[in-house]
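Based on what follows, work out the 3D shape:
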Amino acid sequence: MFNFLKEEAADFNARRSLLAVLIIIAGSLVLTAMMPNDPAEFGAYSLIPALFLIVYIFVTKRILEALTLASVMGFIMVAQGDVLGAFSSTLLEVMMSEDIAWLIIVCGLMGSIISLIERAGGAFAFGEWVATKAKTRKSSLIWTWVLGIVVFIDDYLNSLTVGSCMAPLTDRHKVPREFLAYVVDSTAAPLCVLIPISTWAVFCGQLLEANGWAPDGEGLIYFIKTIPYNFYGWIAALIVPLVIMGIVPTFGPMKRAEQRVLEGGPLAPAGSDKIDIRGGSEDVVMPENPKMLNFFLPILVLVGATIYFDVDMQMGVLVTMAFMFVLYLAQNLMSAEDFSDVALQGLKNMIMPLLLMVLAFLFAAVNDQIGFTSYVIESTTSFMTPAMMPFIIFCVLAVTEFITGTNWGMYIIALPIVIPLAMQLDVHMPLAVAAVLSAGVFGSHVCFYSDATVLTSAACGCNNFRHAITQAPFGILAALISGVLFLIAGFIFH
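Residues are numbered from 1 along each chain as shown. Okay, here's the model as predicted:
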């Protein structure tokens, strides 16, 4: 079967692809006939769609297709006959959810903002300025890392802004897009979980209040208590400059990407054009005298407005769009019609990333219905001891989050289970909560179809499978070190 899929992936054939889909659906129907009728009793059967998804992605490298088929497999299991109805109703629920609406508004308008900055010449002026400071390959990557630290307010804002603005500069120095994407991604979610003024901090603080650890109104204070123990965030972010400087050598798929470029191959891996948010930017007609203020002012307004409106990024992008309209038209850089056309093009460039995220949310929704995450957590509670709990929680949730890719969604499911259990076992609470938060960051960081992976790939113009596969070894290295630290800390605080 694996050889068949490899052949189909290497040499696309519509009939073979149809046959593969029919075999998968037929197999799912046979398995469903052997399973309990109640999804609450699925037990280990709930692992099947997730395992299928991972295997299919690695074999075919087609993530859209993998997410769709894995979701269909889950609906076959849970619907008991009405598969199409279950698929349709859940898809409608996902599309009508506040999370997806927020993603479409924020990420869509971020695409517009980036396109407008390109059209106004702001990105070009910024690139020219940075080029005078970053005259080598290493310095261009260090500047990328530093800019990622500066834009700390949100991982989406971080990835989309830093990736799209630094890609032209790193291209000049023949940096593989995979390497750029790794640097950008590793200073997005890993950093946001360490900063108390970020969208992650606000969200997690609210969950800590809702689940009974933090008193009302003190969620952020209790979130700050977890920061020293968010080992994965610290390690993942600190490894980046070590890799850039060559202290930690590149290895695995990343080394092969560098070898490709050294041998005169393309900077971006095959298939990157489908997801590149800067698609067609080479054809943009810029003003005769590009000004850097047309880059910095919108970014400053975006960060400032987001913070001003209680770290609400949706308000931030809306205010920024209004500000850019006034700023660019006042300089006669474009007409109102041009502004609308460029903004629309930016929205179009985000369609592929948004589609990937919708399918990822759909897959997560069906996983919730079959009880995947709950089963994995509950099946490990019998092995918990006060000293081992932080280590076990981090390892188990890191694996489940790698599969589901919904970091905040996992927090909603896991924290109501972990917090009471940690209180019952008298575990050091900041350490136990940090283990959950670190696991979520790991999943966001390395999952093939997580929001962070998809948006970073789009901003950097890098095929998202290649970005994930080249970044994974460094993420796993950080996770291994973090796991050891959670193990040691668990015994120290017990």
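
Report how many residues lie close to Asn37.
Counted with other Cβ atoms under 10 Å, the burial measure for Asn37 works out to 8 neighbours. In this view, the C-beta of every residue, glycine as well, is placed from N, C-alpha and C.

I figured it was touching Val78, is that so?
No: the pair Asn37 and Val78 fails to qualify as a contact (Cβ atoms under 8 Å) at a distance of 10.2 Å.

model confidence over stretch 314-331, on average?
For stretch 314-331, mean pLDDT is 93.

Enumerate the positions of that stretch that are buried.
316-321, 323-325, 327-328 (16 or more other Cβ atoms under 10 Å).

show me where pLDDT drops low in this structure?
Scanning the chain with the threshold set as pLDDT under 70 gives 1-14, 278-287, 382, 406.

For the top helix by length along it, buried residues please.
For the chain, the helix that runs over the most residues, judged by DSSP state H, is helix 464-493. Neighbour-count burial for helix 464-493 flags 464-475, 477-479, 481-483, 485-487, 489-490, 493 (criterion: 16+ other Cβ under 10 Å).

same deal with stretch 179-199?
Of the residues in stretch 179-199, those with enough neighbours to count as buried (16+ other Cβ under 10 Å) are 179-195, 198-199.

and that stretch, how far apart are its ends?
The first and last residues of stretch 179-199 sit 26 Å apart, counting by Cα to Cα, to the nearest Å.

what do you get for stretch 443-452?
Using Cα to Cα, the gap from the first to the last residue of stretch 443-452 comes to 9 Å.

Gly163 contacts Tyr182, doesn't it?
No: between Gly163 and Tyr182 there is no contact under Cβ under 8 Å: 10.8 Å.

Tally up the residues packed near the residue nearest to Ala86 when sequence neighbours are not counted, please.
Beyond its immediate neighbours in the sequence, the residue positioned closest to Ala86 (Cβ to Cβ, 6 or more residues apart in numbering) is Ala79, lying 3.7 Å away. As a burial measure, the neighbour count of Ala79 was computed by other Cβ under 10 Å and equals 20.

Would you mind pulling up the elements that the longest helix of the chain packs against?
Counting by 3 or more Cβ pairs under 8 Å, 6 or more residues apart in numbering; DSSP states H and E, the packing neighbours recorded for helix 464-493 are helix 177-186, helix 231-244, helix 253-262, helix 389-404, helix 429-446, helix 451-460.

Figure out which of these is closest to Leu157.
Closest approach to Leu157 among the helices and strands packed on helix 464-493 is made by helix 451-460 (9.7 Å; Cβ to Cβ).

what angle separates the closest one from helix 177-186?
Our comparison of helix 451-460 with helix 177-186, counting by axes from the mean of the first three to the mean of the last three Cα atoms, to 10 degrees, yields an angle of 130 degrees.

now helix 451-460 and helix 464-493, what's the angle there?
140 degrees.

Just list what helix 451-460 packs against, helices and strands only.
Partner elements for helix 451-460 (3+ Cβ pairs under 8 Å, 6+ apart): helix 98-119, helix 155-172, helix 177-186, helix 351-370, helix 429-446, helix 464-493.

next helix or strand past the third one?
Going back to what we said before, that points to helix 177-186. Following the chain from helix 177-186 toward its C-terminal end, the next helix or strand by DSSP states H and E is helix 189-192.

count of residues packed around Phe251?
By other Cβ under 10 Å, neighbour count at Phe251 equals 12.

contacting residues for the closest residue to it other than its chain neighbours?
With sequence-adjacent residues excluded and distances taken as Cβ to Cβ, 6+ apart, Phe251 is closest to Pro473, at 6.3 Å. By Cβ atoms under 8 Å, 6 or more residues apart in numbering, Pro473 lies in contact with 251-254.

Let's see that with 7 Å instead.
Contacts here follow Cβ atoms under 7 Å, 6 or more residues apart in numbering; on that basis Pro473 touches 251-252, 254.

Likewise for Arg177?
Arg177 sits in contact with 267-269, 272, 460-462, where contact means Cβ under 7 Å, 6+ apart.

For Thr199, see how far away it is.
In this structure, Arg177 and Thr199 are 26 Å apart, going by Cβ to Cβ, to the nearest Å.

try Leu397
Relative to Thr199, Leu397 is positioned 20 Å away (criterion: Cβ to Cβ).

I'd guessed Phe465 sits against Cys447; true?
No: in terms of Cβ atoms under 7 Å, Phe465 does not count as a neighbour of Cys447; the distance is 11.6 Å.

Ala101 and Pro215: what is the separation?
According to Cβ to Cβ, Ala101 stands 31 Å off from Pro215.

thinking again about what came up before, which one of the helices and strands packed on helix 451-460 lies nearest to Phe339?
helix 98-119 (7.1 Å).

Kindly calculate the angle that that closest one makes with helix 451-460.
Here helix 98-119 runs at 20 degrees with respect to helix 451-460, directions being taken by the same axes, to 10 degrees.

quick revisit: closest one of the contacts of Pro473 to Leu19?
Checking the contacts of Pro473 against Leu19 with Cβ to Cβ, the nearest one is Gly252 at 33.1 Å.

list the contacts for the closest one?
The neighbours of Gly252, taking Cβ under 7 Å, 6+ apart as the test, are Pro473.

State the distance from it to Asp338.
The spacing between Gly252 and Asp338, counted by Cβ to Cβ, is 45 Å.

And for Val317?
20 Å.

And Pro168, by the same measure?
Distance of Pro168 to Asp338, computed by Cβ to Cβ: 22 Å.
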